[in-house]
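>>> missing the sequence, but the structure's below:
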């Protein structure tokens, strides 16, 4: 029973969080189908090639396998693709990188929840989807900071934080995987903080946007 609950969580967490993110960001889904198609293609490639790193024990190779095959690279790739398409002007400049990445990850969550060769464990079916979402929000938040305020005192710390976030996420996964719970909780907290800040900022922006819209409507009516 617990296994099925974890599978359902893995299947639904990212889509539900995507709708939450879209509700506070106001993103229009005009380019959403691109994310779903590319996500399906990524899952197909993953299924055909298998893992890129075969861990030999529980040390560095295990951490590297988690970083590349499980936790961080699946998030880095869609973010990089989205940023590249924005730079090439294939996507609009106001494209929501977070929503695009979350949509890309939806097929992967389906793959993880139904693929029977993966172990039924909280680390794979609960922690991994959680780390995907918080990395997505955190990295997209730091990229947004760089794009909005192009000052060196914003660019340098934001870029460093965006680079470190996948490392802390992979370390959290590795620590829980090797049953180092305290270390895992510490790095999970470090990974969560940018996502929490991002949600608070987006929520405040959405509230301000609603107030401005209401004011415009009232001025227009009266």
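Perfect, thanks for sending it. Since the model is a prediction, treat every value here as computed from it, not as a measurement.
>>> How about the contacts made by the most centrally placed residue in the chain?
The centroid of the chain falls nearest to residue 136 when counting by C-alpha atoms, centre = their mean (2.4 Å). Residue 136 makes contacts with 75, 79, 98, 101-102, 105, 195, as judged by C-beta atoms under 8 Å, 6 or more residues apart in numbering. From N, CA and C alone the C-beta is placed, and that goes for glycine too.
>>> and these, which of them are in helices?
Counting by DSSP state H, the contacts of residue 136 place 75, 79, 98, 101-102, 105, 195 in helices.
>>> what kind of secondary structure is residue 91 in?
Here residue 91 takes the coil state, with states given by DSSP: H, G, I helix; E, B strand; the rest coil.
>>> same question, the one 3 residues further on
Secondary structure assignment for residue 94 (three-state DSSP): coil.
>>> Check residue 52 too.
coil.
>>> returning to that earlier point: among the ones in helices among the contacts of residue 136, find me the one that's closest to residue 69.
Of all these, residue 75 has the smallest distance to residue 69: 12.3 Å, by C-beta to C-beta.
>>> which residues does that closest one contact?
Residue 75 is in contact with 101, 105, 132, 135-136, 139, 166, 169, counting by C-beta under 8 Å, 6+ apart.
>>> can you rerun that using 10 Å?
Applying C-beta atoms under 10 Å, 6 or more residues apart in numbering to residue 75 gives the contacts 101-102, 104-105, 108, 131-136, 138-140, 165-166, 169.
>>> What score does it have for pLDDT?
Looking at residue 75, its pLDDT is 97.
>>> And residue 113, by the same measure?
For residue 113, the model assigns a pLDDT of 84.
>>> That one contacts residue 15, correct?
No. The pair residue 113 / residue 15 is not scored as a contact, 11.2 Å apart, by C-beta atoms under 10 Å.
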